[in-house]
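Q: following is a predicted model, sequence given first.
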Amino acid sequence: MRYLWMILLAGLAVTVQAQEATKPVTPLAQADSGSADNLLGLPPVPIPADNPQTPAKIALGDKLFHDKRFSIDGTVSCANCHDDKKAFTDNLPVSVGHHGLTGTRNAPTVINAAFYKSQFWDGREPSLEGQSKGPFVNPVEGGLPNHQVLLDIIRADADYPKAFKEVFGVDGQKVTIDHVAKAIASFERTVVAGNSPFDRFYFKGDKTALTEQQQRGFKLFLEQGRCVSCHIIEQNQALFTDSRFHNIGVGISAVQQDITPLVQAFLDAKNKGGDVDKIVLTDKKSSELGRFAVSDALADIGGFKTPTLRNIALTAPYMHDGSLKTLKEVVIHYNNGGVTPASAKPNDFLSGGIRPLNLTDAQIDDLVAFLQSLTSAQYSQAGK
Ligand code: HEC
Ligand code: HEC
């Protein structure tokens with residue numbers, strides 16, 4: 001009899017566990033970004049244990065993301081550079097912050113940033129929470145002297161204190177930048193999109209989802225182009241990134257002659273307590289050091305994070321410096337073996353994975369057509 005109880009209890013435990021397992025917070029993110037179909041081809045959205053999704057928190061993050069008052073001249077919100085109507089980019093080579101100041105880097109889309117293992121082109125922030133604190137106080141973005149200014153605006157606002165109380169259980173005076181960061185990150189975790197023609201072709205077996213040209217381009221992506229070795233596609237999902245850093249020959253050539261003094265000056269500044277976020281976004285040459293700025297490893301010079309290629313047709317211009325204007329220019333850059341123009345010399349730190357591809361003009365067009373098949377259904381009207 002006692003034995004029977006044990007079996008029953010064990011069974012119960014399993015059921016409870018199964019229920020726990022089937023209620024990850026992801027469905028909320030899904031609900032917000034439309035039907036579950038919109039996530040076709042994506043893994044579940046990773047949600048940190050200390051920042052669970054709730055509808056009120058997501059709504060608060062959405063509001064903070066769009067609030068222009070959190071900048072020195074009252075004109076810059078996150079959405080200036082990550083505009084919902086431009087697939088969460090600004091379609092500029094490098095972003096424009098307060099008083100028209102420009103930075104050194106191209107604004108990546110926020111769509112699917114939730115899946116990255118690190119944020120920024122050089123991966124200097126591990127989390128969305130950490131990332132979102134930077135722009136307010138960056139000298140060429142929000143330009144605030146410190147986060148206190150922003151917290152004062154929140155505390156004096158008619159609605160924010162109530163919202164923070166509801167979401168985090170804190171009174172106005174106790175709101176910190178970490179609460180702000182958590183709300184914004186929660187919002188960003190709802191800005192996710194799969195379900196492109198490629199996803200319907202590859203994961204749903206809809207053979208009509210890609211044109212014949214796009215199917216030829218897909219084959220080139222996997223084989224002769226070797227794109228998939230870094231822009232990874234897995235059996236059940238595709239994020240088109242290996243979460244690693246590579247020098248593919250963009251930007252670095254311009255500073256190659258200065259590398260030794262540049263590296264020395266950068267390390268000196270960093271050792272004296274210089275803020276990497278500020279240095280790389282305000283000094284064009286330091287920006288080109290790429291992952292080196294984070295790792296201090298010479299092998300990482302000019303290395304940047306492999307970005308997702310989802311919705312790539314909507315996020316021109318391309319690369320960390322916005323230097324390539326079209327997808328065709330990108331494919332030609334790879335075809336040249338990591339140089340633009342074709343006559344340029346490959347840089348000393350070029351990734352071993354980048355070599356001339358010997359694609360014909362027609363094949364270049366096929367590959368571009370494939371990249372155009374990565375636009376999610378929910379953004380297919382963007383900019384139109
Ligand atoms: C002035 C323009 C500008 C503003 C304002 C701005 N960003 Fe960005 N954002 C950028 C640029 C440029 C980068 C790339 C910088 C780098 O990699 O060094 C970036 C990178 C990011 C990334 C990393 C994505 C990736 O692919 O690694 C996220 C996420 C992000 N921003 C979210 C935000 C949030 C949240 C805010 C508001 C708190 C914000 N941004 C405000 C321009 C801007
Ligand atoms: C060795 C790894 C590697 C290979 C192989 C590779 N890529 Fe990339 N890709 C990257 C990295 C890293 C970047 C960002 C580089 C930068 O900004 O300096 C990038 C950027 C891009 C971009 C621009 C993304 C953006 O948001 O601006 C496109 C488009 C692209 N790659 C397509 C391709 C195609 C097509 C192929 C095959 C012909 C390919 N890649 C092969 C690593 C790779």
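A: All right, it came through fine. Ligands and ions are numbered 1, 2, ... in the order given.
Q: quick one: low-confidence parts of this protein?
A: For the chain, the stretches with pLDDT under 70 are 1-36, 382-384.
Q: interface residues of it facing ligand 1?
A: 65, 76, 78, 80-82, 95, 97, 103, 105, 107-108, 110, 113, 116, 119-121, 128, 131-132, 135-136, 141, 184, 280-281 (CB under 6 Å from any ligand atom). C-beta coordinates here come from the backbone N, C-alpha and C atoms, glycine included.
Q: swap the cut-off to 5 Å and go again
A: Counting by CB under 5 Å from any ligand atom, the residues of the chain close to ligand 1 are 76, 78, 81, 95, 97, 105, 107-108, 113, 119-121, 131-132, 135, 141, 184.
Q: which residue ranges make up the domains of this protein?
A: Domain segmentation of the chain under automatic domain parsing yields 1-193, 197-247+306-379, 252-301.
Q: adding mean neighbour count and distance to ligand 2, write those out as a markdown table.
A: Output for the domains of the chain, formatted as a markdown table (neighbours: other CB atoms under 10 Å; distance: least, CB to the nearest ligand atom, whole Å):
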| stretch | mean neighbour count | distance to ligand 2 |
| --- | --- | --- |
| domain 1-193 | 18 | 6 |
| domain 197-247+306-379 | 18 | 3 |
| domain 252-301 | 17 | 7 |
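Q: where along the stretch 251-384 of the chain do the helices fall?
A: Assigned by DSSP state H, counting those that start in this stretch, the stretch 251-384 of the chain shows helices spanning 259-271, 276-282, 284-287, 292-295, 327-335, 361-371.
Q: which other helices and strands contact the fourth one?
A: It stands for helix 292-295. Counting contacts by 3 or more CB pairs under 8 Å, 6 or more residues apart in numbering; DSSP states H and E, helix 292-295 packs against helix 259-271, helix 276-282.
Q: show me what contacts the residue nearest to the spatial centre of the chain?
A: Nearest residue to the geometric centre of the chain (CA atoms, centre = their mean): Ala113, 3.5 Å. With contact taken as CB atoms under 8 Å, 6 or more residues apart in numbering, Ala113 is in contact with 119, 128, 188, 191.
Q: let's see which of the residues you listed end up in strands.
A: Assignment to strands by DSSP state E places none of the contacts of Ala113 there.
Q: and stretch 70-86, how far out from the chain middle?
A: Computed by CA atoms, centre = their mean, to the nearest Å, the chain-centroid distance of stretch 70-86 equals 17 Å.
Q: for it, output the C-alpha coordinates as CSV.
A: Extracted C-alpha coordinates of stretch 70-86, given in CSV (Å, rounded to 0.1, in the frame of the first residue of the first chain):
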residue,chain,number,x,y,z
PHE,A,70,15.8,60.9,-21.6
SER,A,71,18.4,62.9,-23.6
ILE,A,72,20.2,66.2,-23.1
ASP,A,73,18.3,68.1,-25.7
GLY,A,74,15.0,66.2,-25.3
THR,A,75,15.0,64.9,-28.9
VAL,A,76,16.6,61.4,-28.7
SER,A,77,14.9,58.2,-27.6
CYS,A,78,16.0,54.6,-28.4
ALA,A,79,13.5,54.7,-31.2
ASN,A,80,15.3,57.5,-33.0
CYS,A,81,18.0,55.0,-34.1
HIS,A,82,15.9,51.9,-33.7
ASP,A,83,12.7,53.0,-35.5
ASP,A,84,9.8,50.6,-35.5
LYS,A,85,8.9,51.8,-39.0
LYS,A,86,12.4,51.1,-40.3
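Q: one step back: and of the helices of the stretch 251-384 of the chain, who's closest to Asp157?
A: Closest to Asp157 of the helices of the stretch 251-384 of the chain is helix 276-282 (CB to CB; 26.6 Å).
Q: by contact count, what packs against that closest one?
A: Applying 3+ CB pairs under 8 Å, 6+ apart, we find helix 276-282 packed against helix 259-271, helix 284-287, helix 292-295.
Q: who are the contact partners of Gly225?
A: Counting by CB under 8 Å, 6+ apart, Gly225 has contacts 331, 334, 357, 359, 367.
Q: for the last one, list the residues it contacts.
A: With contacts taken as CB under 8 Å, 6+ apart, Leu367 has the following neighbours: 217, 220-221, 225, 227, 331, 359.
Q: could you rerun that using 6 Å?
A: The contact partners of Leu367, taken as CB atoms under 6 Å, 6 or more residues apart in numbering, are 217, 220, 225, 331.
Q: among the residues you listed, which ones are in strands?
A: Of the contacts of Leu367, none are assigned to strands by DSSP E.
Q: could the helices and strands packed on helix 276-282 go into a markdown table alongside distance to Ala344?
A: Formatted as a markdown table, those follow (distance: least, CB to CB, whole Å):
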| stretch | distance to Ala344 |
| --- | --- |
| helix 259-271 | 16 |
| helix 284-287 | 18 |
| helix 292-295 | 21 |
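Q: of all these, which one is nearest Ala313?
A: helix 284-287 (25.7 Å).
Q: please save the CA atoms from that closest one in CSV.
A: Coordinates of each C-alpha in helix 284-287 appear next as CSV, following Å, rounded to 0.1, in the frame of the first residue of the first chain:
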residue,chain,number,x,y,z
LYS,A,284,36.5,56.3,-35.4
LYS,A,285,40.0,54.6,-35.4
SER,A,286,39.4,52.9,-32.0
SER,A,287,36.1,51.7,-33.3
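Q: which elements pack onto it?
A: Under the contact definition 3 or more CB pairs under 6 Å, 6 or more residues apart in numbering; DSSP states H and E, helix 284-287 sits against helix 276-282.
Q: good, we can wrap up now.
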